[in-house]
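Novice: Quick check, what structure comes out for this input:
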Amino acid sequence: MKNSPISPKLFQKKLLAWFDQFGRKNLPWQRQKNPYRVWVSEIMLQQTQVQTVIPYFERFMAKFPTIDALATADEDTVLHLWTGLGYYQRARHLLKAARQVLEVFSGKLPSEVMALMTLPGIGRSTAGAIRSLAFEQPAIILDGNVKRVLSRLFAIQTVIPDEKLWEIAASYSSPTRCADYTQAIMDLGATLCVRGTPQCYHCPFNKHCLSFLQGIEKTLPLKKPRKHLPIKTTQFAILQFKNGVLLEKRPGKGVWSGLWSFPEMSEKEFTVWCQQTFQCQIKKITKHPTFRHSFTHFHLDITPIFFQVVKNFDKAIAEENYFWYNLHQQPEIGLPAPVKSILSSINP
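Specialist: Numbers count the residues shown, from 1 in each chain. Okay, here's the model as predicted:
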């Protein structure tokens, strides 16, 4: 490439030499490696750090060791294992994709990028990562780590279209040792070329990196102007009786879709609803401090309100989208992180 800080061949050589000495080679999905394990790990690693993913991946593999096992699972069980990992649409896509692999690809994950991209939840970069890591075939990736490495290496000081970065990534990708190269460039971004304070003096490219040579590495890549996030409010109505609390299944679309949460009603609305639904009286109402849960596009301020009912309460429920969560048995269902946190704080 014109004005390249380092030739692609030398970049590959130095990167792979660094990886051989310092790269991560004993992550759970690198052991007993197969396409299914690589695929699940790549989905979990989308917008989530490695150390956070590891325990979730291990529990997921213990429950669903194969594509067949995942494809025949019910959504609640899958979401239960995903609880706390966030971005739950990834889990729903994973389940749909597993079923699609059985139906369309005879139970075997395809190795071609275009075929992989037909599966829910797999975009261009994830498909490239799966192809190179699982099948050891040449492929291009452009996740956040790679964007950061290339933006600093070339001292890109403008917000350029992704297609330009794809061109650079393609020109520097290695045609050999494909899996090692992909893991190496991700590791470089995750361990040395990190956000905030990159470890440039330990980087194999500090004699070539244009941003380091210009002293602007901490300012790159350029961040898009941060939008002011709106603040929304809600009240969790927590109906408690003996060792159980009432949960409601969220709608199929929107925030926490398909997960089990507390009904969201005002104190007055919930009191009337309980009387009409259960013919019961509320014995005690306790409002807890408001706390904030942040999403990508907004903050949600949540006020938990506990409702305790009289001893002779008949807790039979006819509606399918409500059920009693037993605090002792803890059924395998998908829970939003703030709901899981509240449930763990309740003394049954």
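Novice: Could you use CA atoms for every contact and neighbour count after this?
Specialist: Fine.
Novice: Now do the helices in the protein.
Specialist: Ranges of helices in the chain, per DSSP state H, are 8-22, 35-44, 50-63, 67-71, 75-82, 89-104, 113-116, 124-135, 144-153, 162-172, 178-191, 210-214, 267-278, 337-345.
Novice: buried set for the fifth one?
Specialist: I take that to be helix 75-82. Glu75, Asp76, Val78, Leu79, His80, Leu81, Trp82 (16 or more other Cα atoms under 10 Å).
Novice: So for that helix, mean pLDDT?
Specialist: On average, the pLDDT along helix 75-82 is 95.
Novice: Next: the last one.
Specialist: Across helix 337-345, the average pLDDT comes to 94.
Novice: what angle separates that helix from helix 75-82?
Specialist: Per axes from the mean of the first three to the mean of the last three Cα atoms, to 10 degrees, the angle that helix 337-345 makes with helix 75-82 is 80 degrees.
Novice: and helix 337-345, which residues are buried?
Specialist: Buried residues in helix 337-345 (16+ other Cα under 10 Å): Ala337, Val339, Leu343.
Novice: Quick check: Gln235 touching Glu269?
Specialist: No: the criterion here is Cα atoms under 8 Å, and Gln235 misses it with Glu269 at 10.9 Å.
Novice: Just want to know which of the two has more residues nearby.
Specialist: Higher neighbour count among Gln235 and Glu269: Gln235, with 18 against 11, using other Cα atoms under 10 Å.
Novice: For Phe205, see how far away Ala318 is.
Specialist: Counting by Cα to Cα, to the nearest Å, the separation of Ala318 from Phe205 is 65 Å.
Novice: So which of those two has more stuff around it?
Specialist: Neighbour totals were compared for Ala318 and Phe205, and Phe205 leads with 18 against 9 (other Cα under 10 Å).
Novice: quick revisit: for Pro289, find the nearest of the helices of the chain.
Specialist: Nearest of the helices of the chain to Pro289, taken as Cα to Cα: helix 337-345 at 11.9 Å.
Novice: For the closest one, which outside residues touch it?
Specialist: Thr83, Gly84, Gly86, Ser261, Phe262, His293, Leu327 (Cα atoms under 8 Å, 6 or more residues apart in numbering).
Novice: Of the helices of the chain, which is nearest Val310?
Specialist: It's helix 267-278; of the helices of the chain, that one is closest to Val310 (Cα to Cα) at 11.5 Å.
Novice: Which positions within that closest one qualify as buried?
Specialist: Applying 16+ other Cα under 10 Å to helix 267-278 flags Glu267, Phe270, Thr271, Cys274 as buried.
Novice: Relative to Gln157, which of those is nearest.
Specialist: Using Cα to Cα, the buried residues of helix 267-278 come closest to Gln157 at Glu267, 52.5 Å.
Novice: Do I have it right that the closest one meets Pro304?
Specialist: No: counting by Cα under 8 Å, Glu267 stays clear of Pro304, with 10.2 Å between them.
Novice: joint contacts of those two?
Specialist: Ala237.
Novice: on that earlier part again, so can I have JSON lines of the buried residues of helix 337-345 showing distance to Leu94?
Specialist: Putting the buried residues of helix 337-345 into JSON lines (distance: Cα to Cα, whole Å) gives the following:
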{"residue": "Ala337", "distance to Leu94": "20"}
{"residue": "Val339", "distance to Leu94": "23"}
{"residue": "Leu343", "distance to Leu94": "27"}
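Novice: nearest to Ser4, of these?
Specialist: Ala337 (45.4 Å).
Novice: any idea which of the buried residues of helix 267-278 is the one closest to Met117?
Specialist: Phe270 (45.0 Å).
Novice: Next one: that closest one relative to Asp180, how far apart?
Specialist: 57 Å.
Novice: can you check Val245 too?
Specialist: For Val245, the distance to Asp180 - Cα to Cα - is 49 Å.
Novice: Find the nearest non-adjacent residue to His202, please.
Specialist: Distances taken as Cα to Cα, 6 or more residues apart in numbering place Leu192 nearest to His202, at 7.3 Å, with adjacent residues excluded.
Novice: and that neighbour, backbone torsions?
Specialist: phi -120, psi -50 (degrees, to the nearest 10).
Novice: how many other residues sit next to it?
Specialist: 17.
Novice: Same check on Leu10?
Specialist: When counting by other Cα under 10 Å, one arrives at 11 neighbours for Leu10.
Novice: Equivalent analysis for the one 10 residues further on, please.
Specialist: The local packing of Asp20 (other Cα under 10 Å) involves 13 other residues.
Novice: tell me the contacts of the nearest residue to Pro198 once chain neighbours are set aside?
Specialist: Nearest non-adjacent residue to Pro198, counting by Cα to Cα, 6+ apart: Leu192, 5.7 Å away. Taking Cα under 8 Å, 6+ apart as the contact definition, Leu192 lies against Pro198, Gln199, Cys200, His202, Cys203.
Novice: my read: the second one touches Leu188, true?
Specialist: No: checked against Cα under 8 Å, the pair Gln199 and Leu188 is beyond contact range at 10.0 Å.
Novice: Name the residue in these two with the higher neighbour count.
Specialist: Higher neighbour count among Gln199 and Leu188: Leu188, with 24 against 14, using other Cα under 10 Å.
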